[in-house]
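Chemist: Sequence plus the predicted model coming up.
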Amino acid sequence: MTATAVPTTAPLTHRRPRGGPARAPIAERVLVTAGLVALTLVTAFPVLVIALAAFSPQTEVNHWPPRLIPSHLTLDNFAGLLARLPVVQQSWNSLVFAGAVTLCSLALNTLAAYALARMDFRGRGVLLTVLIATMMVPFQALLLPIYQMTSALGWVNTFAGLVVPRAADVAGIFLLRQFMVTLPRDLDSAARIDGAGEFRIFWSIILPNTRPALLTMALFTFVGNWNDLLWPLIMTSDSQVRPLTAGLALVTGSATATAPYGVMMAGALIAVLPLVILYLVVQRRFVEGVAMTGMKG
Amino acid sequence: MTTTTSGRHYRPPAPLGGRRPEPRRAELRRADARRVGKAYAFLGPALLVIVAFVFLPAIQALVTSFTDASGFGEPAWIGVQNYVDALTSPSVLRALLNTVLYAAMYAPGVILVGLCAALLLNREDIPFRGFFRTAIFLPFVISMAVASIAWSFLLDPNLGLVTYWLSLIGVHVGNIFGTATTALPAVTAVAVWKNFGYFMVIFLAGLQSVPRHLYEAARLDGAGRWRTFLAVTLPGLRSTMTFVVILALIGAFQAFDQIYIMTQGGPDHATETLVYRIYTDGFRDFKLGFASALSYLLLIITLVLGLIQLRINSRHEEELE
């Protein structure tokens, strides 16, 4: 037998014929897969429980020993939720709040990031340093004065109050800037020689090339604000303006007004469903986005 | 779009090398000013928001922290009294200790579980990798509020499914969120559940950057799994690790949502954290001066952590050079 005819090592090391990566022994692969299945169960199980309990009859949710699968499905919990909470209104509020913050920061952050990444001007270095320092200031530490300012402006219980303080953020600016910095210089120098103005270069050359970073920032901003609790909790006292996360927390969080679990799960399901669907549709962008922020520090 | 000529002037300063006659100084200065003006036209709107809602509040919080502001009447200047009160108040120290304990459980929790998950997932010889990654990252898009609601249900002492299943194997958790000794670890565990997938993804990115040839070399040297992990993988993850540790600690010091929903700081202040105190002192008890001092404590802790990270990063870069 000649060496060229058959790769003699193939059957011995379980290497795939087309030269794929070396495979570990089957036992190890089974163990690793089992570990991953366990982790998946841990992360997915509570979500499954929310979904099942939301459609379970009240008596079965409040039953010992508890059971996972309901005997039949019902919408009673959603009716109970509607009676306690203006769910439709508050879901809409969440959408407006998170959507408006996202649109504003898309506009403001990209403009600022463009100047910091692609324009040369005196004082840029100092400005960058100041902004990096700003990034470390936790929002929670500024809650009180921001609340006082917005309330002085008469913005409590308004969307302006919820949105304007978050219309731009340094972390978002930096995410976009780091991306824009890596775009090649040649990209805009040709346009410059042709006499294109700064805004035109920004709009028709840099922006289209920044799309992955824009999408990442938009997703993170949207999810972060949709899910935020503390800020909407203090900025709204009127349940007609309050976003859903804060509304739910007030129904469930305060020990005085505890809703039945089935009702809470119905609310939880409504709060997570839009994001879970969004995530499943564009999950690659989420994952790559985290990796992106992770790499940049 | 209309600035045809000035657009041409604006160019990163290239070395002129005396090819052109030296422009007049005043002209240069004017070009400089024009450039600054144009840049700030782009920066303006964002900077306005950042100045109004980060800089000014930061100054205002600092000023308020030196007063006895309470929302009623004219606040009086009381110097560092709020800070002295905060750092000598047993209940604030308790909250600080709780926050540190929370961080001391949370950071190792998300990092260890996240790293293990990343190591399991970072191999090409297992099926359904995309599915596993998607599922394990899923809690990232679920709000801490909803996660807290779900886990209060699952661990309810009387109705919880997990409570029941644990009791079947002889583990009686009792009222886990209502018992002083278990409440803080339980609250931390929920946060770890929600966030470890996020850390897994950061580790996965870090693992990609460990040079392949080092693994080859380790294999040729006959190094075992564990040895390879210690000698190649961990050192290769060093800068990722710094980032992740600081990220986890900063996040831990901001814990609020899960505590607000699951325990309201109880039982017996066992889960009161710094941000929870800022919330209750500031927005429930209107002790604005005192809560501002607490805010500054949080700000200082976060800044110190951030500076440590910058320091370590720059040292890494020096070593790499």
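Modeler: In hand now; what should we look at? Numbering: from 1, shown residues only, chains lettered A, B, ... in the order given.
Chemist: C-alpha from now on. contacts and neighbour counts both.
Modeler: Noted.
Chemist: after the helix or strand bottoming out on mean pLDDT in chain A, next one along is what?
Modeler: Using mean pLDDT, DSSP states H and E, helix A:10-13 stands out as the lowest-scoring helix or strand of chain A, at a mean of 39. Downstream of helix A:10-13, the first helix or strand assigned by DSSP states H and E is helix A:26-54.
Chemist: elements contacting that following helix?
Modeler: helix A:261-281, helix B:90-121, helix B:129-137, helix B:144-154, helix B:180-208 (3 or more CA pairs under 8 Å, 6 or more residues apart in numbering or on different chains; DSSP states H and E).
Chemist: Tell me if the longest one is near chain A.
Modeler: Yes: for helix B:90-121, a contact with chain A is found by CA under 8 Å from any CA of the partner chain, at B:117, B:120-121.
Chemist: Go through those residues and name the one nearest chain A.
Modeler: Of all the residues of helix B:90-121 next to chain A, B:L120 has the smallest distance to chain A: 5.9 Å, by CA to the nearest CA.
Chemist: for chain A, what's the longest helix?
Modeler: For chain A, the helix with the greatest residue count under DSSP state H is helix A:87-118.
Chemist: Could you pull out the buried residues of the next helix or strand after that one?
Modeler: Sequence-wise, the next helix or strand downstream of helix A:87-118 (DSSP H and E) is helix A:124-135. Residues A:124, A:131, A:134-135 are the ones in helix A:124-135 that count as buried (16 or more other CA atoms under 10 Å in any protein chain shown).
Chemist: Tell me where the model's unsure across the chain.
Modeler: Using chain A here. By pLDDT under 70, the low-scoring segments of chain A are A:1-23, A:253-258, A:293-297.
Chemist: My question was about chain B, not that one.
Modeler: B:1-23, B:320-321.
Chemist: switch to 50 and redo it
Modeler: For chain B, the stretches with pLDDT under 50 are B:1-11, B:16-18.
Chemist: hmm, back to that, looking at the helices and strands packed on helix A:26-54, which is closest to B:D257?
Modeler: Nearest of the helices and strands packed on helix A:26-54 to B:D257, taken as CA to CA: helix B:144-154 at 5.9 Å.
Chemist: the inter-axis angle of the next helix or strand along the chain from the closest one versus helix A:26-54?
Modeler: Next helix or strand after helix B:144-154 toward the C-terminus (DSSP H and E): helix B:161-168. If you take axes from the mean of the first three to the mean of the last three CA atoms, to 10 degrees, helix B:161-168 sits at 130 degrees to helix A:26-54.
Chemist: how about helix B:161-168, does it get close to chain A?
Modeler: Yes: against chain A, helix B:161-168 shows contacts by CA under 8 Å from any CA at B:161, B:164.
Chemist: ok, residue 227 - how many residues close by?
Modeler: Using chain A. Applying other CA atoms under 10 Å in any protein chain shown, we find 25 residues neighbouring A:N227.
Chemist: try again with chain B
Modeler: When counting by other CA under 10 Å, one arrives at 12 neighbours for B:R227.
Chemist: ok, now how distant is it from B:M241?
Modeler: Separation of B:R227 from B:M241 (CA to CA, to the nearest Å): 19 Å.
Chemist: and if you look at A:T150?
Modeler: 39 Å.
Chemist: thinking again about what came up before, could I get the buried residue list for the longest helix of chain A?
Modeler: A:87, A:89-91, A:93-106, A:108-118.
Chemist: For the spatially most central residue of chain B, give its distance to chain A.
Modeler: Note on chain B: the residue nearest the mean C-alpha position is B:G251, at 3.3 Å, using CA atoms, centre = their mean. For B:G251, the distance to chain A equals 9 Å [CA to the nearest CA, to the nearest Å].
Chemist: Which elements pack onto whatever helix or strand that residue lives in?
Modeler: When elements are assigned from DSSP H and E, B:G251 belongs to helix B:238-252. Contacts defined by 3+ CA pairs under 8 Å, 6+ apart place helix B:238-252 against helix A:283-296, helix B:90-121, helix B:180-208, helix B:288-320.
Chemist: Pick the most buried one from the ones you listed.
Modeler: Compared across the helices and strands packed on helix B:238-252, helix B:180-208 shows the largest average neighbour count, a mean of 22 (mean count of other CA atoms under 10 Å in any protein chain shown).
Chemist: downstream neighbour of that helix in the secondary structure list?
Modeler: helix B:212-220.
Chemist: Which residue, other than its chain neighbours, is closest to A:V287?
Modeler: Spatial nearest neighbour of A:V287, chain neighbours left out: B:V201 (6.6 Å); criterion: CA to CA, 6 or more residues apart in numbering or on different chains.
Chemist: Quick one: residues contacting that neighbour.
Modeler: B:V201 makes contact with A:287, A:290-291, B:114, B:118, B:137, according to CA atoms under 8 Å, 6 or more residues apart in numbering or on different chains.
Chemist: Kindly recompute the last result at 7 Å.
Modeler: Contacts for B:V201 (CA atoms under 7 Å, 6 or more residues apart in numbering or on different chains) come out as A:287, A:290-291.
Chemist: that older thread, check the residues of helix B:90-121 next to chain A against A:F78 and report the nearest one.
Modeler: Comparing these against A:F78 with CA to CA places B:A117 closest, at 36.1 Å.
Chemist: Please tell me I have it right and the closest one contacts B:M200.
Modeler: Yes: B:A117 lies in contact with B:M200 (CA atoms under 7 Å); the separation is 6.1 Å.
Chemist: hmm, back to that, pick the one among the residues of helix B:90-121 next to chain A closest to B:F177.
Modeler: Comparing these against B:F177 with CA to CA picks out B:A117 as the nearest, at 27.1 Å.
Chemist: For burial, what's the neighbour tally of residue 220?
Modeler: I'll assume chain A. Using other CA under 10 Å, A:F220 is surrounded by 19 other residues.
Chemist: Not quite, go with chain B.
Modeler: 9.
Chemist: State the distance from it to chain A.
Modeler: B:L220 sits 14 Å away from chain A, going by CA to the nearest CA.
Chemist: Return the distance of that residue relative to B:H213.
Modeler: The gap separating B:L220 from B:H213 is 10 Å, by CA to CA.
Chemist: now B:W151
Modeler: For B:W151, the distance to B:H213 - CA to CA - is 44 Å.
Chemist: The two: which has the busier surroundings?
Modeler: B:W151 (23 against 9).
Chemist: give the contact list for the more buried one.
Modeler: Taking CA under 7 Å, 6+ apart as the definition, B:W151 has no contacts.
Chemist: Serialize the helices and strands packed on helix A:26-54 to CSV and add fields for distance to B:G73.
Modeler: Compiled in CSV, the helices and strands packed on helix A:26-54 are given as follows (distance: least, CA to CA, whole Å):
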stretch, distance to B:G73
helix A:261-281, 41
helix B:90-121, 25
helix B:129-137, 50
helix B:144-154, 36
helix B:180-208, 38
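Chemist: tell me which parts of the stretch 1-150 of chain A are close to chain B?
Modeler: A:21, A:23, A:29, A:32-33, A:36, A:39-40, A:43-44, A:46, A:50, A:62-67, A:108-109, A:111-112, A:115, A:119-122, A:136-138, A:140-142, A:144-146 (CA under 7 Å from any CA of the partner chain).
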